[in-house]
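Enquirer: The following comprises the amino acid sequence and a computationally predicted model.
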Amino acid sequence: MELLPFFEWAETTFLGYIGKTYGGVYATFGQSLHLMALAVLGGSVLVADLRLLNVIMKDVPSEIVTEQAHKWFRIALVVIICTGVFMAAAVAQRMYHNDFFWAKMSALLVGIIFVFAIKRPLLKGSHADLNPIVIKMVASASILVWFSVAATGRWIGFSG
Amino acid sequence: MINEMLVQFAEWLYATGGSRAIEESFYLYNWIETTHVLTIMVCLGMLAFIDLRMLGYALPNVSASTIADRLNVPMMIGFALMFITGLLLFYAKPVYTNQSIWFRIKMVLLVVAFFNAIRFHRHMKASASTWCNEPRAPFNLRVSAALSLGLWAGVVTTGRLIAYDWYHCYRDLPGWLSAAAGCVAE
(Lines give C-alpha, C1' and ligand atoms only; values in the text may rest on other atoms or scores of the structure.)
Protein backbone atom coordinates (compact mmCIF):
# COMPACT_ATOMS: atom_id res chain seq x y z
CA MET A 1 0.00 0.00 0.00
CA GLU A 2 1.35 3.41 -1.00
CA LEU A 3 1.43 5.66 2.07
CA LEU A 4 2.99 8.80 0.57
CA PRO A 5 -0.38 10.36 -0.43
CA PHE A 6 -1.51 10.06 3.19
CA PHE A 7 1.60 11.86 4.41
CA GLU A 8 1.16 14.55 1.73
CA TRP A 9 -2.43 15.01 2.88
CA ALA A 10 -1.36 15.16 6.56
CA GLU A 11 0.74 18.24 5.84
CA THR A 12 -2.27 20.05 4.38
CA THR A 13 -4.46 19.45 7.45
CA PHE A 14 -5.08 22.05 10.16
CA LEU A 15 -2.56 20.34 12.46
CA GLY A 16 0.07 20.32 9.73
CA TYR A 17 -0.60 24.00 8.99
CA ILE A 18 -0.33 25.05 12.66
CA GLY A 19 2.87 23.09 13.22
CA LYS A 20 4.49 24.41 10.05
CA THR A 21 3.44 28.04 10.49
CA TYR A 22 3.94 28.59 14.22
CA GLY A 23 7.38 27.38 15.31
CA GLY A 24 6.73 28.30 18.94
CA VAL A 25 3.56 26.20 19.11
CA TYR A 26 5.37 23.30 17.42
CA ALA A 27 8.30 23.47 19.87
CA THR A 28 6.32 23.93 23.09
CA PHE A 29 3.04 22.05 22.55
CA GLY A 30 4.64 19.48 20.30
CA GLN A 31 8.23 18.77 21.24
CA SER A 32 8.30 19.85 24.90
CA LEU A 33 5.02 18.18 25.83
CA HIS A 34 6.20 15.07 23.96
CA LEU A 35 9.38 15.05 26.07
CA MET A 36 7.48 15.56 29.34
CA ALA A 37 5.11 12.70 28.50
CA LEU A 38 8.15 10.61 27.59
CA ALA A 39 9.59 11.30 31.05
CA VAL A 40 6.35 10.14 32.73
CA LEU A 41 6.21 7.08 30.46
CA GLY A 42 9.85 6.31 31.29
CA GLY A 43 9.11 6.70 34.99
CA SER A 44 6.09 4.39 34.85
CA VAL A 45 8.03 1.75 32.89
CA LEU A 46 11.02 1.92 35.23
CA VAL A 47 9.01 1.97 38.47
CA ALA A 48 7.06 -1.12 37.39
CA ASP A 49 9.89 -3.03 35.71
CA LEU A 50 12.58 -2.31 38.30
CA ARG A 51 10.11 -3.55 40.92
CA LEU A 52 9.51 -6.71 38.87
CA LEU A 53 13.29 -7.13 38.65
CA ASN A 54 13.46 -6.77 42.46
CA VAL A 55 15.69 -3.70 42.23
CA ILE A 56 13.46 -1.11 43.92
CA MET A 57 10.55 -1.10 46.38
CA LYS A 58 11.03 -4.76 47.34
CA ASP A 59 8.84 -4.13 50.41
CA VAL A 60 5.81 -3.10 48.29
CA PRO A 61 3.77 -5.83 46.52
CA SER A 62 4.64 -5.81 42.80
CA GLU A 63 0.93 -6.14 41.90
CA ILE A 64 0.21 -2.72 43.46
CA VAL A 65 3.22 -1.05 41.84
CA THR A 66 2.57 -2.39 38.31
CA GLU A 67 -1.14 -1.56 38.50
CA GLN A 68 -0.56 2.04 39.59
CA ALA A 69 2.34 2.55 37.16
CA HIS A 70 0.18 1.30 34.29
CA LYS A 71 -2.40 4.01 34.99
CA TRP A 72 0.26 6.70 34.33
CA PHE A 73 1.73 4.71 31.45
CA ARG A 74 -1.63 4.91 29.63
CA ILE A 75 -1.95 8.66 30.23
CA ALA A 76 1.63 9.28 29.04
CA LEU A 77 1.13 7.08 25.98
CA VAL A 78 -1.98 9.02 24.92
CA VAL A 79 -0.12 12.36 25.27
CA ILE A 80 2.89 10.95 23.36
CA ILE A 81 0.69 9.78 20.49
CA CYS A 82 -1.30 13.06 20.32
CA THR A 83 1.81 15.29 20.38
CA GLY A 84 3.60 12.88 18.04
CA VAL A 85 0.80 13.09 15.47
CA PHE A 86 0.89 16.91 15.74
CA MET A 87 4.67 17.02 15.20
CA ALA A 88 4.65 14.48 12.38
CA ALA A 89 1.81 16.29 10.56
CA ALA A 90 3.91 19.46 10.27
CA VAL A 91 6.79 17.65 8.54
CA ALA A 92 4.91 14.61 7.25
CA GLN A 93 6.66 14.27 3.89
CA ARG A 94 10.08 14.52 5.54
CA MET A 95 8.99 11.86 8.04
CA TYR A 96 7.92 9.55 5.25
CA HIS A 97 11.48 9.55 3.88
CA ASN A 98 13.15 9.32 7.32
CA ASP A 99 14.37 5.81 8.26
CA PHE A 100 14.40 6.58 11.99
CA PHE A 101 10.76 7.68 11.88
CA TRP A 102 9.84 4.21 10.64
CA ALA A 103 12.19 2.62 13.19
CA LYS A 104 10.41 4.55 15.94
CA MET A 105 6.96 3.67 14.62
CA SER A 106 7.98 0.00 14.51
CA ALA A 107 9.39 0.12 18.04
CA LEU A 108 6.27 1.94 19.27
CA LEU A 109 3.99 -0.63 17.69
CA VAL A 110 6.03 -3.48 19.19
CA GLY A 111 5.91 -1.72 22.57
CA ILE A 112 2.14 -1.24 22.50
CA ILE A 113 1.48 -4.83 21.41
CA PHE A 114 3.95 -6.08 24.02
CA VAL A 115 2.28 -4.15 26.84
CA PHE A 116 -1.37 -4.78 25.99
CA ALA A 117 -1.14 -8.30 24.53
CA ILE A 118 1.63 -9.85 26.62
CA LYS A 119 2.69 -7.94 29.72
CA ARG A 120 -0.71 -6.83 31.04
CA PRO A 121 -2.52 -10.16 30.61
CA LEU A 122 0.47 -11.97 32.14
CA LEU A 123 0.70 -9.71 35.20
CA LYS A 124 -3.04 -9.47 35.86
CA GLY A 125 -3.18 -12.15 38.55
CA SER A 126 -0.94 -12.85 41.51
CA HIS A 127 2.73 -12.51 40.56
CA ALA A 128 3.61 -15.25 43.03
CA ASP A 129 1.99 -17.77 40.65
CA LEU A 130 4.37 -16.81 37.82
CA ASN A 131 7.83 -18.14 37.09
CA PRO A 132 10.26 -15.45 38.44
CA ILE A 133 12.45 -15.87 35.35
CA VAL A 134 9.50 -15.10 33.07
CA ILE A 135 8.71 -11.99 35.13
CA LYS A 136 12.32 -10.81 34.89
CA MET A 137 12.42 -11.46 31.13
CA VAL A 138 9.21 -9.49 30.61
CA ALA A 139 10.51 -6.57 32.71
CA SER A 140 13.88 -6.49 30.88
CA ALA A 141 12.19 -6.65 27.48
CA SER A 142 9.83 -3.84 28.48
CA ILE A 143 12.69 -1.52 29.49
CA LEU A 144 14.57 -2.36 26.29
CA VAL A 145 11.57 -1.73 24.03
CA TRP A 146 10.57 1.63 25.55
CA PHE A 147 14.12 2.97 25.73
CA SER A 148 14.48 1.95 22.05
CA VAL A 149 11.33 3.95 21.27
CA ALA A 150 12.87 7.01 22.96
CA ALA A 151 16.31 6.61 21.35
CA THR A 152 14.97 6.08 17.81
CA GLY A 153 12.65 9.06 18.37
CA ARG A 154 15.59 11.32 19.16
CA TRP A 155 17.48 10.11 16.08
CA ILE A 156 14.61 11.23 13.82
CA GLY A 157 15.95 14.76 14.33
CA PHE A 158 19.50 13.76 13.42
CA SER A 159 18.75 12.15 10.06
CA GLY A 160 16.96 13.05 6.87
CA MET B 1 31.15 42.80 32.49
CA ILE B 2 29.87 39.32 33.44
CA ASN B 3 28.63 38.72 29.89
CA GLU B 4 32.06 39.64 28.48
CA MET B 5 33.76 37.21 30.87
CA LEU B 6 31.28 34.45 30.01
CA VAL B 7 31.85 34.99 26.28
CA GLN B 8 35.63 34.85 26.77
CA PHE B 9 35.28 31.65 28.79
CA ALA B 10 32.96 30.13 26.17
CA GLU B 11 35.37 31.06 23.36
CA TRP B 12 38.25 29.50 25.28
CA LEU B 13 36.22 26.30 25.80
CA TYR B 14 35.26 26.27 22.12
CA ALA B 15 38.94 26.39 21.12
CA THR B 16 39.83 23.26 23.12
CA GLY B 17 40.32 19.97 21.29
CA GLY B 18 37.66 18.13 23.28
CA SER B 19 34.95 20.62 22.40
CA ARG B 20 35.80 20.47 18.71
CA ALA B 21 35.99 16.67 18.79
CA ILE B 22 32.48 16.31 20.25
CA GLU B 23 30.82 18.88 18.00
CA GLU B 24 32.46 17.58 14.83
CA SER B 25 31.66 13.93 15.54
CA PHE B 26 28.19 13.14 14.20
CA TYR B 27 27.81 9.98 16.27
CA LEU B 28 29.46 11.17 19.50
CA TYR B 29 27.43 14.40 19.73
CA ASN B 30 24.16 12.74 18.80
CA TRP B 31 24.66 9.84 21.18
CA ILE B 32 25.42 12.24 24.03
CA GLU B 33 22.19 14.09 23.21
CA THR B 34 20.27 10.80 22.99
CA THR B 35 21.67 9.72 26.38
CA HIS B 36 20.60 13.12 27.79
CA VAL B 37 17.02 12.39 26.64
CA LEU B 38 17.09 8.83 28.01
CA THR B 39 18.29 10.06 31.40
CA ILE B 40 15.35 12.53 31.42
CA MET B 41 13.16 9.42 31.38
CA VAL B 42 15.02 8.00 34.38
CA CYS B 43 15.46 11.12 36.50
CA LEU B 44 12.28 13.05 35.73
CA GLY B 45 10.25 9.85 35.50
CA MET B 46 11.17 8.96 39.09
CA LEU B 47 10.75 12.55 40.22
CA ALA B 48 7.29 12.69 38.65
CA PHE B 49 6.22 9.60 40.59
CA ILE B 50 7.50 11.04 43.89
CA ASP B 51 5.72 14.35 43.26
CA LEU B 52 2.51 12.65 42.06
CA ARG B 53 2.53 10.51 45.20
CA MET B 54 2.71 13.65 47.35
CA LEU B 55 -0.23 15.09 45.41
CA GLY B 56 -2.18 11.86 45.91
CA TYR B 57 -2.31 10.89 42.22
CA ALA B 58 0.09 7.92 42.21
CA LEU B 59 0.45 4.94 44.56
CA PRO B 60 -1.75 6.56 47.26
CA ASN B 61 -1.91 3.27 49.18
CA VAL B 62 1.88 3.06 49.55
CA SER B 63 3.71 5.06 52.24
CA ALA B 64 4.96 8.36 50.82
CA SER B 65 8.30 8.09 52.61
CA THR B 66 8.79 4.57 51.15
CA ILE B 67 8.23 5.94 47.64
CA ALA B 68 10.56 8.91 48.20
CA ASP B 69 13.29 6.74 49.77
CA ARG B 70 13.17 3.92 47.21
CA LEU B 71 12.95 6.10 44.09
CA ASN B 72 15.57 8.56 45.27
CA VAL B 73 18.56 6.38 44.31
CA PRO B 74 17.57 5.68 40.67
CA MET B 75 16.49 9.33 40.38
CA MET B 76 19.92 10.56 41.53
CA ILE B 77 21.71 8.11 39.20
CA GLY B 78 19.60 9.49 36.35
CA PHE B 79 20.32 13.05 37.48
CA ALA B 80 24.08 12.45 37.61
CA LEU B 81 24.08 11.07 34.04
CA MET B 82 21.77 13.87 32.87
CA PHE B 83 24.12 16.46 34.44
CA ILE B 84 27.26 14.93 32.88
CA THR B 85 25.71 14.66 29.40
CA GLY B 86 24.32 18.19 29.79
CA LEU B 87 27.82 19.50 30.60
CA LEU B 88 29.23 17.70 27.54
CA LEU B 89 26.52 19.21 25.31
CA PHE B 90 27.39 22.69 26.64
CA TYR B 91 31.11 21.93 26.18
CA ALA B 92 30.50 21.02 22.52
CA LYS B 93 28.72 24.33 21.71
CA PRO B 94 29.68 26.76 24.48
CA VAL B 95 29.49 30.03 22.50
CA TYR B 96 26.07 29.36 21.00
CA THR B 97 24.63 27.91 24.22
CA ASN B 98 26.00 30.65 26.50
CA GLN B 99 24.18 33.26 24.40
CA SER B 100 20.88 31.39 24.30
CA ILE B 101 18.19 33.08 26.39
CA TRP B 102 16.53 29.68 26.77
CA PHE B 103 19.70 28.17 28.25
CA ARG B 104 19.90 31.03 30.75
CA ILE B 105 16.25 30.64 31.79
CA LYS B 106 16.84 26.88 32.09
CA MET B 107 19.77 27.47 34.47
CA VAL B 108 17.64 29.81 36.64
CA LEU B 109 14.84 27.22 36.75
CA LEU B 110 17.36 24.51 37.69
CA VAL B 111 18.64 26.59 40.61
CA VAL B 112 15.09 27.29 41.83
CA ALA B 113 14.23 23.57 41.44
CA PHE B 114 17.32 22.70 43.50
CA PHE B 115 16.29 24.97 46.40
CA ASN B 116 12.71 23.71 46.16
CA ALA B 117 14.02 20.12 46.43
CA ILE B 118 16.03 21.02 49.53
CA ARG B 119 12.97 22.65 51.12
CA PHE B 120 10.84 19.63 50.15
CA HIS B 121 13.24 17.11 51.72
CA ARG B 122 13.64 19.19 54.88
CA HIS B 123 9.85 19.41 55.40
CA MET B 124 9.39 15.77 54.48
CA LYS B 125 12.01 14.51 56.95
CA ALA B 126 10.62 16.66 59.72
CA SER B 127 7.02 15.57 59.35
CA ALA B 128 6.82 12.25 57.43
CA SER B 129 6.02 10.09 60.47
CA THR B 130 2.75 11.97 61.05
CA TRP B 131 1.21 11.67 57.57
CA CYS B 132 3.22 9.32 55.30
CA ASN B 133 0.41 6.73 55.16
CA GLU B 134 -2.16 9.35 54.17
CA PRO B 135 -3.10 9.40 50.47
CA ARG B 136 -2.00 13.06 50.18
CA ALA B 137 0.86 14.99 51.74
CA PRO B 138 0.23 18.12 53.87
CA PHE B 139 -0.46 21.38 52.00
CA ASN B 140 3.08 22.82 52.09
CA LEU B 141 4.56 19.59 50.68
CA ARG B 142 1.88 19.45 48.00
CA VAL B 143 2.83 23.00 47.00
CA SER B 144 6.50 21.95 46.78
CA ALA B 145 5.58 18.88 44.72
CA ALA B 146 3.43 20.91 42.30
CA LEU B 147 6.17 23.55 42.07
CA SER B 148 8.73 20.83 41.37
CA LEU B 149 6.61 19.44 38.49
CA GLY B 150 6.12 22.95 37.09
CA LEU B 151 9.79 23.89 37.37
CA TRP B 152 10.98 20.69 35.68
CA ALA B 153 8.38 21.14 32.92
CA GLY B 154 9.99 24.56 32.43
CA VAL B 155 13.48 23.03 32.41
CA VAL B 156 12.44 20.51 29.73
CA THR B 157 10.72 23.18 27.64
CA THR B 158 13.56 25.71 27.78
CA GLY B 159 16.07 22.90 27.21
CA ARG B 160 14.25 21.93 24.04
CA LEU B 161 14.03 25.56 22.92
CA ILE B 162 17.83 26.00 23.07
CA ALA B 163 17.88 24.45 19.60
CA TYR B 164 15.90 27.43 18.26
CA ASP B 165 17.70 30.71 17.55
CA TRP B 166 14.67 33.06 17.46
CA TYR B 167 16.27 35.32 20.09
CA HIS B 168 19.94 34.81 19.39
CA CYS B 169 22.50 37.64 19.41
CA TYR B 170 22.76 37.85 15.62
CA ARG B 171 19.03 38.77 15.53
CA ASP B 172 17.72 42.30 16.03
CA LEU B 173 16.84 42.16 19.74
CA PRO B 174 15.57 44.82 22.17
CA GLY B 175 18.26 45.99 24.63
CA TRP B 176 16.97 44.15 27.69
CA LEU B 177 16.70 40.86 25.79
CA SER B 178 20.14 41.34 24.28
CA ALA B 179 21.61 41.83 27.78
CA ALA B 180 19.63 38.89 29.21
CA ALA B 181 20.86 36.62 26.41
CA GLY B 182 24.45 37.65 27.16
CA CYS B 183 25.10 39.46 23.88
CA VAL B 184 28.21 41.66 23.82
CA ALA B 185 29.27 44.36 21.35
CA GLU B 186 31.63 42.99 18.67
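Expert: Sure, I can see it. No experiment lies behind these values; they were computed from the predicted model shown. Residues are numbered from 1 along each chain as shown, chains lettered A, B, ... in the order given.

Enquirer: Could you list the low-pLDDT ranges of chain A?
Expert: The model of chain A has pLDDT under 70 over residues A:1, A:160.

Enquirer: remind me, longest helix of it?
Expert: helix A:62-90 (DSSP state H).

Enquirer: Buried residues of that one, list them for me.
Expert: Using 16 or more other C-beta atoms under 10 Å in any protein chain shown as the test for burial, helix A:62-90 gives A:62, A:65-66, A:68-70, A:72-73, A:76-77, A:79-80, A:82-84, A:86-90. For every residue, glycine as well, the C-beta is placed using N, CA and C.

Enquirer: same question, stretch B:159-178
Expert: Residues of stretch B:159-178 classed as buried: B:Gly159, B:Arg160, B:Leu161, B:Ile162, B:Tyr167, B:Cys169, B:Leu173, B:Ser178 (neighbour count, 16+ other C-beta under 10 Å).

Enquirer: you'd agree the first one is up against B:Arg104?
Expert: To tie it back to what came earlier, the one meant is B:Gly159. No. Assessed by C-beta atoms under 8 Å, B:Gly159 is found out of contact with B:Arg104, at 11.8 Å.

Enquirer: Around chain A, pick out the residues from chain B.
Expert: Proximity of chain B to chain A (C-beta under 8 Å from any C-beta of the partner chain) is limited to residues B:26, B:30, B:33-34, B:37-38, B:40-42, B:44-49, B:52, B:58-59, B:61-62, B:66-67, B:70-71, B:73-74, B:153, B:156-157, B:160-161, B:164, B:166.

Enquirer: Try it again at 6 Å.
Expert: Of all the residues in chain B, those in contact range of chain A (C-beta under 6 Å from any C-beta of the partner chain) are B:30, B:34, B:37-38, B:40-41, B:44-46, B:48-49, B:58-59, B:62, B:70, B:153, B:156-157, B:160-161.

Enquirer: Can you give me the distance of the nearest residue to B:Ile101 once chain neighbours are set aside to B:Asn98?
Expert: Spatial nearest neighbour of B:Ile101, chain neighbours left out: B:Ala181 (4.3 Å); criterion: C-beta to C-beta, 6 or more residues apart in numbering or on different chains. Distance, B:Ala181 to B:Asn98, by C-beta to C-beta, to the nearest Å: 9 Å.

Enquirer: Could you do B:Ile50 as well?
Expert: In terms of C-beta to C-beta, B:Ile50 sits 32 Å off from B:Asn98.

Enquirer: wait, B:Ile40 sits on A:Ala39?
Expert: Yes. The pair B:Ile40 / A:Ala39 is scored as a contact, 5.2 Å apart, by C-beta atoms under 6 Å.

Enquirer: As a check, name the ranges of all helices in chain A.
Expert: Remark: helices assigned in chain A by DSSP H are A:4-12, A:14-21, A:23-25, A:33-52, A:62-90, A:92-96, A:99-113, A:120-123, A:132-156.

Enquirer: quick one: is the longest one near chain B?
Expert: It stands for helix A:62-90. Yes. Applying C-beta under 6 Å from any C-beta, one finds helix A:62-90 in contact with chain B at A:Gln68.

Enquirer: Then the last one?
Expert: Yes. Helix A:132-156 reaches chain B (C-beta under 6 Å from any C-beta) through A:Phe147, A:Ala150, A:Ala151, A:Arg154.

Enquirer: in that helix, what's buried?
Expert: For helix A:132-156, burial by neighbour count (16+ other C-beta under 10 Å) applies to A:135, A:138-139, A:141-143, A:145-156.

Enquirer: since we're on A:His97, how many residues are nearby?
Expert: 12 (other C-beta atoms under 10 Å in any protein chain shown).

Enquirer: In chain B, where is pLDDT below threshold?
Expert: B:186.

Enquirer: all helices of it, in order?
Expert: Using DSSP H, helices in chain B cover B:2-14, B:17-24, B:26-55, B:64-92, B:94-98, B:101-131, B:139-161, B:175-180.

Enquirer: Which of those helices sits closest to A:Ile118?
Expert: Nearest of those to A:Ile118, taken as C-beta to C-beta: helix B:26-55 at 21.3 Å.

Enquirer: relative orientation of the closest one and helix B:139-161 in degrees?
Expert: 160 degrees (axes from the mean of the first three to the mean of the last three C-alpha atoms, to 10 degrees).

Enquirer: residues of helix B:26-55 that come out buried?
Expert: For helix B:26-55, the neighbour count (16+ other C-beta under 10 Å) marks B:29, B:31-55 as buried.
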